[in-house]
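This is a predicted model, with the sequence first.
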Amino acid sequence: MNRINLVRASSIFGIIVLIAVFVSCKEAKKTEEATTESSEEVMSSDEPFFEISLAQWSMHRMIWEGEADPYNFAKMANEWGFTGLEYVSALYNPELADANYSEEAMAAFVKRSNEEAEKYGMKNLLIMIDGQGNLAVSDEKERNEAVERHHKWVDAAAAMGCHAIRVNLAGSDVPEEWTANSIDGLTKLATYAKDKNINIIVENHGGLSSNAAMVAEVMNKVNMSNCGTLPDFGNFCIKRKDPKDYGAGCAEMYDIYKGVEELMVHAKAVSAKSHNFDADGNETEIDYVRMLQLVKDAGYSGHIGVEYEGSELSEEEGILATKELLLNAAKKVN
């Protein structure tokens, strides 16, 4: 190749390189802009990191006063914008709440609840069990009977497509006894529930069950994949001033934020308790942003159940106020 042709070839090659660099930079800029836009979309998303369910206890006054049928739970929850249902066994008196239930009544409960949930596109999540005996009582015979009385609810939860039943760890007030009794009762019940794919979850619900460190210790010692916790934002009173008068106040309170953080390690559900709200819609005693940050930091992304227990608002107003607070608080979580 002569000198003139060599120069021409070099010039052409240089132009090609410049064009390639220009195109490459342009494409890189497009990619960067697209990535930035995508990141901005994620950052500006209004979708919370969790789904919102409704705890049926939020409607207990409506049901007890005859203003609502417990079997309208799915319909009403759907109308209020919820996606999941958390049933309460004690709201189906008298046919299911006490020990003298009938198999026919339980079958009817399961059938109708499933029909209503399907009709309104709702998801059955769990059943909160009360009045079926103390799982942490020191008398072994009584404890075993309580475990057995929970069996029918495990079966019902499985038939309804729920993932869990919530139980209470009431019983002894002596820490060492309570711990040993809880481990025994939960292990027996979780063993029964394991093959049915049902979780046994413990809520901080008064007494020593509101001592989150002790509950966490029990969870570690039970050490079963289908045994966990249901942290409630507000139920951390260990001892009341007057056990017979709920309104008398709390004599011994566990730190609610420390408690939720400790229970979240084993959480399979979460309960957003609320009572009263200020002018800005915030719960007057619970920092929801702080609570949700603890929930998110634990890696939880399941349902959070609204559980309104206040008296200043009607139950419907309180339910909707709690739901709105959850959504607003979620936007402020990192």
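Sure, I can see it. Numbers count the residues shown, from 1 in each chain.

Contacts only, for the residue positioned nearest the centre of the chain.
Nearest to the mean C-alpha position of the chain, counting by C-alpha atoms, centre = their mean, stands Val270 at 2.4 Å. The contact partners of Val270, by C-beta atoms under 8 Å, 6 or more residues apart in numbering, come to Phe50, Leu230, Pro231, Met264, Val295, Tyr300, Gly302, His303, Ile304, Gly305. Glycine gets a C-beta too; all of them are placed from N, C-alpha and C.

tell me the SS of the closest residue to the third one other than its chain neighbours?
What that stands for is Pro231. Among residues not flanking Pro231 along the chain, Leu263 sits closest, at 3.8 Å (C-beta to C-beta, 6 or more residues apart in numbering). Following DSSP: H, G, I helix; E, B strand; the rest coil, the label given to Leu263 is helix.

Against Ala170, how distant is Leu263?
Distance of Leu263 to Ala170, given as C-beta to C-beta, to the nearest Å: 17 Å.

So for these two, which residue has more residues nearby?
The neighbour count for Leu263 versus Ala170, taken as other C-beta atoms under 10 Å, is higher for Leu263 (26 against 20).

In terms of pLDDT, where does that one sit?
With respect to pLDDT, Leu263 scores 98.

same deal with the one 5 residues further on?
With respect to pLDDT, Lys268 has a value of 98.

what residues are up against it?
Lys268 neighbours (C-beta under 8 Å, 6+ apart): His163, Ala164, Asn199, Ile201, Gly228, Thr229, Leu230, Gly302.

Need the phi and psi values for it.
Phi and psi for Lys268, reported as degrees, to the nearest 10, are phi -120, psi 0.

Could you give the separation of stretch 326-334 from the chain centroid?
16 Å (C-alpha atoms, centre = their mean, to the nearest Å).

Endpoints of that stretch, how far apart?
14 Å (C-alpha to C-alpha, to the nearest Å).

Could you report the neighbour count for the residue lying closest to Cys237 once chain neighbours are set aside?
Spatial nearest neighbour of Cys237, chain neighbours left out: Cys250 (3.9 Å); criterion: C-beta to C-beta, 6+ apart. By other C-beta under 10 Å, the residues close to Cys250 number 15.

just the one 4 residues further on next, same as before
By the measure other C-beta under 10 Å, the count of residues near Tyr254 is 18.

Then His151?
14.

can you check Glu115 too?
Neighbours of Glu115 (other C-beta under 10 Å): 12.

Next, the contact list for it, please.
Glu115 touches nothing, counting by C-beta under 8 Å, 6+ apart.

Let me know the average pLDDT across the helix or strand containing it.
According to DSSP states H and E, Glu115 maps onto helix 103-119. Helix 103-119 shows a mean pLDDT of 96.

Give me the buried stretch members for it, please.
Met106, Phe109, Val110, Ser113, Glu116, Ala117 (16 or more other C-beta atoms under 10 Å).

I'd guessed the fifth one sits against Ala74; true?
Think Glu116. Yes: with contact defined as C-beta atoms under 8 Å, Glu116 reaches Ala74; the gap is 4.0 Å.
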